[in-house]
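*Asks:* Show me the folded form of this:
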Amino acid sequence: MLTAPRRRNDFLIIVLSIALVLGMAVAIGLIAAWRTDPATMTEGAGYYAALLLCPPFLLVGPVSGLADSTLALVLATGSIVFGNGALYAGLAAFGYWAVSTFWPRKQLL
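*Replies:* Numbers count the residues shown, from 1 in each chain. Alright, predicted model coming up:
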């Protein structure tokens, strides 16, 4: 059976892909919660918890006033989803760099 040669950055690509998808999934879940119950997600503890998990969720404040415009909702939703995915991927890249730089490597004999 033929196998592809292992490249050095295969694990980095996997980590970044998982982090990007996870960040996008968190944002989509928060937006779905915001669309079903806007009052809970735009003020109080729910809003602060959403900002902790998804900092681009800050955009729902200005968009709430423009909720009648479909284009505004689509643009804000896309910005929040892709922004949070990029944020999670960036944090994962930093974590990967920190671990690969400062973690002691095994010595080959």
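
*Asks:* just how off-centre is the worst-scoring helix or strand of the chain on mean pLDDT within its chain?
*Replies:* The weakest-scoring helix or strand in the chain, judged by mean pLDDT, DSSP states H and E, is helix 60-64 (a mean of 76). The chain centre lies 19 Å from the centre of helix 60-64; the measure is C-alpha atoms, centre = their mean, to the nearest Å.

*Asks:* buried sites along stretch 46-64?
*Replies:* Buried residues in stretch 46-64, counted by 16 or more other C-beta atoms under 10 Å: 46-47, 50, 54, 56-57, 59-60, 63. C-betas here are computed from N, CA, C, even on glycine.

*Asks:* And stretch 70-84, by the same measure?
*Replies:* 73, 76-77, 80-81, 83-84.

*Asks:* Touching it from outside, list them.
*Replies:* Residues outside stretch 70-84 that contact it (C-beta atoms under 8 Å, 6 or more residues apart in numbering): 23-24, 26-28, 30-31, 54-57, 59-60, 62-63, 66-67.

*Asks:* let's go with 6 Å and repeat that
*Replies:* For stretch 70-84, contacts defined as C-beta atoms under 6 Å, 6 or more residues apart in numbering pick out 23-24, 27-28, 31, 54, 56, 59, 63, 66.
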